[in-house]
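Undergrad: Next input, structure requested:
(one chain, ligands or ions: 1)
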Amino acid sequence: LMKMNSDVSDKCWHGCGKTGTLIHLLWHCPETKIFCQWVVDTLVLSFRFSSMVFFALILKVYSAKITQISPT
Ligand SMILES: [Zn+2]
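TA: You can find the predicted model right below:
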């Protein structure tokens, strides 16, 4: 942006103090890394939660079948 409009600062707008190139914004900026880590953590957490719900449903179905089969 600095090359197109000299009024705009060429620093990263996240405020890390480095030059705000596209590669920096996508890969090297610490703010982007924090955001990416948040996305990964959220995905892992939702995957764990959904797999827990999945296993709980399987356990419920199988325990219902076991109680149907056994007479006691
Ligand atoms: Zn930055």
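Undergrad: My guess is residue 32 contacts residue 25. True?
TA: Yes. Between residue 32 and residue 25 there is a contact under C-beta atoms under 8 Å: 6.4 Å. For glycine as for every other residue, the C-beta is placed from the backbone atoms N, C-alpha and C.
Undergrad: got any residues that touch both of the two?
TA: Common neighbours of residue 32 and residue 25, counting by C-beta atoms under 8 Å, 6 or more residues apart in numbering, are residue 14.
Undergrad: interface residues of the protein facing the ion?
TA: Neighbours of the ion within the chain, by C-beta under 5 Å from the ion: 12, 14, 16, 29.
Undergrad: do that again at 6 Å, thanks
TA: 12, 14, 16, 18, 24, 29, 31 (C-beta under 6 Å from the ion).
Undergrad: So among these, where is pLDDT lowest?
TA: Here the lowest pLDDT out of these sits on residue 14, with 84.
Undergrad: Could I get the full set of helices for this protein?
TA: Under the criterion DSSP state H, the chain carries helices at the ranges 22-23, 30-69.
Undergrad: neighbours of residue 29, just the number please.
TA: 20 (other C-beta atoms under 10 Å).
Undergrad: How about the contacts made by it?
TA: 12, 14, 16, 18.
Undergrad: What of residue 13?
TA: Taking C-beta under 8 Å, 6+ apart, one finds residue 20 in contact with residue 13.
Undergrad: Mind picking the two most distant members of the contacts of residue 29?
TA: Using C-beta to C-beta, the pair of those lying farthest apart is 14 and 18, separated by 9.2 Å.
Undergrad: Now do residue 67: how many residues are near it, please.
TA: 10.
Undergrad: now residue 68
TA: Residue 68, neighbours per other C-beta under 10 Å, totals 8.
Undergrad: can you pull the pLDDT of it?
TA: So residue 68 comes in at 78 (pLDDT).
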